[in-house]
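**Q** this is a predicted model, with the sequence first.
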Amino acid sequence: MTSYKLLLLPGDGIGPEVMAEVEKVIGALDALGLARFEIERDLVGGSAIDAHGKPLTDEALARADAADAILLGAVGGPKWADVAYEIRPEAGLLRLRKDLGLFANLRPAICYPALADASALKRELVEGLDIMIVRELTGGVYFGEPKEITTLPDGSKRAVDTQVYTTAEIERIAHVAFDLARKRSGRVASAEKHNVMKSGVLWKEVVTKVHADYSDVTLEHVLADNCAMQLVRRPKQYDVLVTDNLFGDVLSDVAAMLTGSLGMLPSASLGAVDAKGSRKALYEPVHGSAPDIAGKGYANPIAMIGSLAMCLRYSFGLGEAADLLESAVTRTLASGARTRDIAAEGITPISTSEMGDAIIRELKHAA
Ligand code: IPM
Ligand code: MG
């Protein structure tokens, strides 16, 4: 069996706890003969700052570049609140995204039937929800220059971030969205603010142009603020939702919460397909490092385990193993297993590692 090179970057906070469950799942996949990996580990974020004085070393970046895929836990936490902006924990993650060219961030928001009551929204609004947010990840205001705080003659300050998009950047993310829509229900909504932003004007224009090659897909343009409202009003109207880096950051947190918990959502960050047909890829939960619950064994490992499932599917073409793992998660939830974040009142929650074990039991049962 092909052995794939996987780099694990657990990061900070609950990152290492949820990654430990992924390592158990990887062991089970191997034992079942479903997938084999050569595992490497390195540091990112605050843990790398503690060890090396920066949130991502050149060696770790080189390792990431050489790996077939990367799994990342989470970065950041109050412990590093005072480090210089340039070396804050998040800068490690942003450098990985930028330097590896991971421009397409897929964030599926799926509401598991067993969890429809865990959502803040009414069951009928979220039951069966299946949205794919396609977030542009290497452009926009996250990386635009100038990005600075300067001091004015009167001693007060002026802060600037720059929102920049080029035709090529919008085209490639639009293609990702339309290609995905073809494999789903054939609908794309594109969110921007062309009513106030020049980058929104160009975004809308380019997405419309790219759409001309996809007559089988329907395209709707929506203003990003309206989109946020629609997501909590009638979320099931969306299938594929394509948007820029900053709007995607915000809208994906909203979409995540529709499903019951931030602890449920995986994501894939993909680069361009190269001549050999492969692409760089990093998989990570949408949730953050959750420092308030770190080390307590409360964290929900499902987003991290779901990220491994996405990795099997998108990086290695192991769709069958991914299906088995995802259905193991569905059955585990259906059996009533709940970590704290998704436990209804009166239900005793299980720990991070008990959830991992329960999923592995279901996986072994099905395989
Ligand atoms: C995300 C996170 C990151 C982002 C942070 C940790 C830099 O919120 O992946 O959504 O803003 O992109
Ligand atoms: Mg975010």
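**A** Perfect, I can see it now. Ligands and ions are numbered 1, 2, ... in the order given.
**Q** what residue in the stretch 51-200 of the chain comes nearest to ligand 1?
**A** E90 (3.9 Å; Cβ to the nearest ligand atom). C-beta here means a position set from N, CA and C on the backbone, and glycine is covered the same way.
**Q** and what about that residue, helix, strand or coil?
**A** helix (DSSP: H, G, I helix; E, B strand; the rest coil).
**Q** so what's it scoring on pLDDT?
**A** At E90, the predicted lDDT confidence score is 97.
**Q** please report phi then psi for H221.
**A** Reported as degrees, to the nearest 10, the phi and psi values for H221 are phi -100, psi 140.
**Q** any idea how far it is from ligand 1?
**A** With distances taken as Cβ to the nearest ligand atom, to the nearest Å, H221 is found 23 Å from ligand 1.
**Q** is that residue in contact with N195, as I believe?
**A** No - between H221 and N195 there is no contact under Cβ atoms under 8 Å: 10.9 Å.
**Q** which of the two has more neighbours?
**A** H221 (17 against 10; other Cβ atoms under 10 Å).
**Q** tell me the bridge partners for the more buried one.
**A** S190 (DSSP bridges).
**Q** so how far is A62 from it?
**A** 41 Å (Cβ to Cβ, to the nearest Å).
**Q** need the per-residue pLDDT for the residue in the stretch 101-250 of the chain positioned nearest to ligand 1.
**A** For the stretch 101-250 of the chain and ligand 1, the shortest gap (Cβ to the nearest ligand atom) falls at D249, measuring 4.6 Å. As predicted, D249 sits at a pLDDT of 96.
**Q** now it: which helix or strand?
**A** Assigned by DSSP states H and E, D249 falls within helix 245-258.
**Q** list the buried ones in that helix?
**A** Residues N245, L246, F247, G248, D249, L251, S252, V254, A255, A256, M257, L258 are the ones in helix 245-258 that count as buried (16 or more other Cβ atoms under 10 Å).
**Q** and those residues, which is closest to E326?
**A** Proximity of the buried residues of helix 245-258 to E326 (Cβ to Cβ) peaks at A256, which lies at 16.9 Å.
**Q** ok, the closest one - contacts?
**A** R107, A109, L262, M264, L265, V286, H287 (Cβ atoms under 8 Å, 6 or more residues apart in numbering).
**Q** ok, which pair from these is furthest apart?
**A** Among those, A109 and H287 lie farthest apart (Cβ to Cβ), at 12.6 Å.
**Q** spit out the residues that contact these two alike.
**A** A256, L265.
**Q** near ligand 1, which residues of the protein? Just list them.
**A** V75, G76, E90, L93, D249, G288 (Cβ under 6 Å from any ligand atom).
**Q** most surrounded residue in those residues?
**A** That'd be V75 among these, by other Cβ under 10 Å, with 31 neighbours.
**Q** give the contact list for that one.
**A** 11-12, 15, 44-46, 55, 89-90, 92-93, 288-289.
**Q** over to the residue nearest to it when sequence neighbours are not counted: give its phi and psi.
**A** Spatial nearest neighbour of V75, excluding adjacent residues (Cβ to Cβ, 6 or more residues apart in numbering): G45 at 3.0 Å. As for G45, its main-chain torsions (degrees, to the nearest 10) stand at phi 80, psi -140.
**Q** next, count neighbours for R41.
**A** For R41, using other Cβ under 10 Å, the count is 13.
**Q** much appreciated, bye for now.
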